[in-house]
Each structure stands twice: as structure tokens, then as C-alpha cells.
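>>> Give me a model of this one.
(2 chains)
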Amino acid sequence: MSHPTDSLTGRRWKRPPFIASPLLRWGLAVGAAIYLAVAFGTMEVNWSRVADGLPRAQRFLASFFPPDFTSRAEDIFDGILESLWMTVISTVVGIAISIPVGLGAARNLAPRPVYLFSRAVLAVSRTFPEIILALFAVKLFGFGPFAGFLALSIGTIGFYGKLLAEDIEDMDPVQAEAVKATGSSWFQWLNYAVQPQVMPRMIGLGMYRFDINFRESAVVGIVGGGGIGATLLTSFDRYEFDSSAAILLIIIGIVMVVEYSSGYIRRWVQ
Amino acid sequence: MLRLDTLVKQYKTGDLALKGIDLEIPDGQVMALIGPSGAGKSTLIRCVNRLVEPTSGKVSLNDMELTTLSQGRLRKARRRMGMIFQEYALVERLTVMENVLSGRLGYVSFWRSYFRKFPQSDIDEAFRLLARVGLDHMADKRADELSGGQRQRVGICRALIQDPELLLVDEPTASLDPKTSRQIMRLIRELCAERKLSAIINIHDVLLAQMFAERIVGLQLGEIVYDGPPDGLTPDVLTQIYGEEDWEATIETVDEEELEDDLVGEETAAGSD
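Residues are numbered from 1 along each chain as shown, chains lettered A, B, ... in the order given. Purely as a prediction, here's the structure:
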């Protein structure tokens, strides 16, 4: 297969660069390198204090062992139970509220004003981390699991609503069009065209959010939101680090159980 | 009868997809709409059931004007127009039966459809249609487990269970192999004959259009450039629709003999895939 135009042989080819302008390309690379060097230079490390801290860390960690599950067993058990029901209801309530918000925040579903409003709700609830939400809730409603529940629910709305909206925006429009063409009502269309497309991923994300909420329930407890976090804080305050270790191990254990079962459930719903 | 009156569609981008289409399709007529990509074929059939809103002009089905209907009335009107899609457009995670029954959504209440409690008459009809296309044993399979030809048959059942007066068919064979394409086209034509349906079939394949439609309309850049019988598609006409190309081979193959062969084969082909 020899080509008649021999002028084409020996023509060079290189993959075109991602940024076309060489000046911009090298400028960005050099700029990033300088910034990184300066940033490292700015962080002060006092090596003598690090050296002092290391044996302290050793003693501190040693005091965690052996973990003591028994002497505070009742407190730990109550804390775990409180955290679990906080997690369950905040996940359920959060997801329930995030469904309408998520539908409103999907560009291909909602009219423009609804879209903007829903996106604003999501942005606000995503701005604050759970611990800040919990601080507010504790100030407003006092110490206890209700504050924690409120913080986790609001966090769930921001997380789940945004991901639901994005999943709906990514759905196959042809399947949706086909159901619309049958003369279905809007809710029937949601149920037959949208829901089947987003459901498996949303179940997986629901499990993931349950997992996050359980871990966060320990954090919000520390600022007064009830649950196992409160128990953990108390044990720290009493220097009962062996009980703290037991609590941390239980949290790790429960997170692992949720992790494995969510993987299993996700495979099952696919 | 479906009538289009100076139908115009201009997209937001400024593209004029349809430039004042006038068209009449009598009851029971199977019409093929051919033309190059971007000629406005898809836009035209989507303007009929208003999946795409026409910019101006009128569409009327049996003297009911569709273009001015409110959303609620439009839903009712859509029940009378079954639609069949290029990539089948089945809801992949629903079962075959749910996909077929979704054709009845315009007739049942939300809660009935939500709990999948369709009237027995609908379920009977769904099984009848599935049996007609040879898929009644697949009712509980998920749609994404089926082959292309099988999916398109389910798509046809979904359109027919609406009990429509008109079929809007958008490139039904574009994702299918040549044999399955012929089977699907034959099935659509037979069903139209059985139920006295009229149909607009968008199709790329000129040969299939000639074999299975009684009337051909050629669309080019949003305008009708040919409207007539299948055997009127001469090389000159095809050049006018699609542009310069050697058309002799396309036309030669559609001689009478081959058409006869195909019609004889239909009994055996309809059930298998």
C-alpha cells in the first residue's frame, strides 16, 4: 500500500499538549513549583517540641491498652444505643427531606426558580460541617441527642440531595422521554422513568450516609450532641483511656459491619 | 387523519429544523420519512406529540388540534399516539411486563401504577401483545437482559397497549442487524394493518423504507422534497434528498422478486430472534 504522494512520508507527529500556549504551560508549572516550595518553607516545625512529644505519645497510647470494655459497660452500651438510633432517624429523616430538595435541584426536572432555590438550600446545608451544625443546635435546643439528630439530618440533606440531583441530571433522557410519550402524569413519570434509573445508586449512597452519620454521631457527641461521643468525652475527661480505647474499637467494629453489609446490599440491588 | 399545517420548529440555537411543513396522513397509512441526518425527521415526529414544542403551525389528529392543548389535555392526547424509539428506550431496570404496562400509565391512577395494580384487562392485553411478538415467556425478565430485537419488540408492545390511533416510529432499525431490521419493520407493518393504524416511520435505510411503506416522504433541511410512492424514488430523487451519490445499487436491489421472498418468510421469522 504505497502512497503516491511521497511528501507525506517522514512527517512528524506528537500528541498535542493539553495547554496549547507554551508560555502558559511552563508558567503554570513553574508557578505551582514555587508556591509549593514557599508553602513548605512557611510551615514552622519546632523539632525539639516534636522530640518532646514522641515519648508523651508513647505513654498516651500505652495507657489505651489493654482496652477496658467492662468497668463502664453500661455507659458504653447506652451511648452506642443512643448513637445508633440517632443515626437511624437522622438518616431516614434527612433522606426523606432531601428527596424533594434533590428533585428540585435537578436541572432537567425543575423549572428555573425551583432549581435555584433548591440549589441554594443544598449549598447552605453543605457549607457547615456537622460539628458546626451541632454547636448551633446545642446552643438553640440544649445538650442531648436531639441536637445531634438535627445536625446529622441537616448534613444528610446537603449530601444526599446534591448527589440525588446530580444522578437525576445524568439519567438517560430517552428512557424518560419514552415514558412521558405514553401520556403518564408527572408522578407516574417519576416512578417509572426516573426512580428505576437512580434507585440502585441512591440505595448505595443511603448506606454510605448511614455509615457517615454513625461516625459523625461520635463527633457531634463531643460538642454536646449526645450519643457515644458524649460517653467518649467523659472517659477522656476522667483519664479512663482504657475505656476510651474500648469505645473507639466498638466504633471501628460497627463502621466495618456497615461497610461490609453496604457493599453486599449494593451488589444485590444492582 | 393526522394533519400538519405549516409546522415550524426553530431551536433556541437559531437552527430552523422545520420550515413550514404541510402534510396529511390518512387513517391506516404507513408512511416512511426519509432524509439525511439533521433533516428534521426526529423533530417532526416529536412535534406531533409535543415532546418537542413546535414554534408555530398546527398539528391536528382527527380534528383535535394538538398544538394548543393544555398539559393535562395533552397527556390524554398522547395516549392516542404510540411511540417507538431508535435505542428502544425501554426503562432498563424495569421488567419487560412493567415496560409494556407503562404504556397504560395514561389510563390508570398514580397509586394503581405505583403498586403495579393494573386492571386485569390491561394485563391480559399485555400478555396477548407479548405473545403476538413471541416474548410472553420473558415477562419477568429485566429489560436490559434482552437482545436488541427483543427489546424493540417490547417497545412495540408498549406503544400498542396504549391503544393508539397513530404510531410515531423513530429510526426503529438503526441499532439492529439487517435481518432483525426486516423482521421489526415487517412486524410494525403487520400490526398497523391488523389494527388499522397509521404510522410515520423515520428511517435511514432507503431500501427498508421502499419495502415496507406505502408512501415515502423525503425531508431535506426541514423541507419536503419528495412525497410519493416507493417506486418513485429514482436516482434523481435520491440525489435531491441526500445529495450526489451513485444510487443505482440502492434501487436495483429492491426488485419485486426479493420483496416476494421476504413476505413469504414472515410467518417463520416473526417468532424467532
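
>>> So which elements touch whatever helix or strand A:F214 lives in?
Using DSSP states H and E, A:F214 falls within helix A:195-220. Under the contact definition 3 or more Cβ pairs under 8 Å, 6 or more residues apart in numbering or on different chains; DSSP states H and E, helix A:195-220 sits against helix A:73-104, helix A:130-141, helix A:145-169, helix A:228-237, helix A:241-269. Just so you know, the C-beta spots here come from the backbone N, C-alpha and C atoms, and that holds for glycine as well.

>>> Which stretch among these is buried most, on average?
helix A:145-169 (a mean of 24; mean count of other Cβ atoms under 10 Å in any protein chain shown).

>>> Now tell me what touches stretch B:87-101 from outside.
The contact list for stretch B:87-101 (Cβ atoms under 8 Å, 6 or more residues apart in numbering or on different chains) reads A:172, A:174-175, A:177-179, A:192-193, A:196-197, A:199-200, B:102, B:113, B:116, B:118, B:122-123, B:126, B:129-130, B:135, B:138-144, B:146, B:148, B:151-152, B:154-155, B:157-158, B:161, B:174-175.

>>> cool, stretch A:232-251 as well?
A:60, A:63-69, A:71-72, A:75-76, A:79-80, A:214-215, A:218, A:221-222, A:228, A:231.

>>> SS state for B:I216?
strand (DSSP: H, G, I helix; E, B strand; the rest coil).

>>> ok, what's across the strand from it?
With DSSP bridges as the criterion, B:I216 is bridged to B:A32, B:G228.

>>> would you say B:K117 is within a strand?
No: per three-state DSSP, B:K117 lies outside any strand segment and is coil.

>>> how about it, what does it touch?
Counting by Cβ under 8 Å, 6+ apart, B:K117 makes contact with B:W111.

>>> And the most centrally placed residue in chain B, its phi and psi?
Closest to where the C-alpha atoms of chain B average out (Cα atoms, centre = their mean) is B:V169, at 1.2 Å. The phi/psi pair for B:V169 (degrees, to the nearest 10) reads phi -120, psi 120.

>>> What are the neighbouring residues in contact with it?
Taking Cβ under 8 Å, 6+ apart, one finds B:45, B:83-84, B:188, B:199-202 in contact with B:V169.

>>> And the residue in chain A that chain B sits nearest to, which helix or strand is it part of?
Residue nearest to chain B within chain A (Cβ to the nearest Cβ): A:G183, separated by 2.8 Å. Counting by DSSP H and E, there is no helix or strand that carries A:G183.

>>> Can you add mean pLDDT and give the helices and strands packed on helix A:195-220 back as JSON lines?
Formatted as JSON lines, the helices and strands packed on helix A:195-220 follow (pLDDT from 0 to 100):
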{"stretch": "helix A:73-104", "mean pLDDT": "91"}
{"stretch": "helix A:130-141", "mean pLDDT": "88"}
{"stretch": "helix A:145-169", "mean pLDDT": "92"}
{"stretch": "helix A:228-237", "mean pLDDT": "86"}
{"stretch": "helix A:241-269", "mean pLDDT": "84"}
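
>>> Number of residues surrounding the residue of chain A closest to chain B?
24 (other Cβ atoms under 10 Å in any protein chain shown).

>>> wouldn't it be in contact with B:R78 here?
Yes: A:G183 is in contact with B:R78 according to Cβ atoms under 8 Å; the separation is 3.7 Å.

>>> who touches both of those two?
Taking Cβ under 8 Å, 6+ apart as the contact rule, A:G183 and B:R78 both touch B:G106.

>>> hmm, back to that, mind checking which of the contacts of B:V169 land in helices?
B:45, B:188 (DSSP state H).

>>> out of the contacts of B:V169, which are inside strands?
In strands, defined here by DSSP state E, the members of the contacts of B:V169 are B:83-84, B:199-202.
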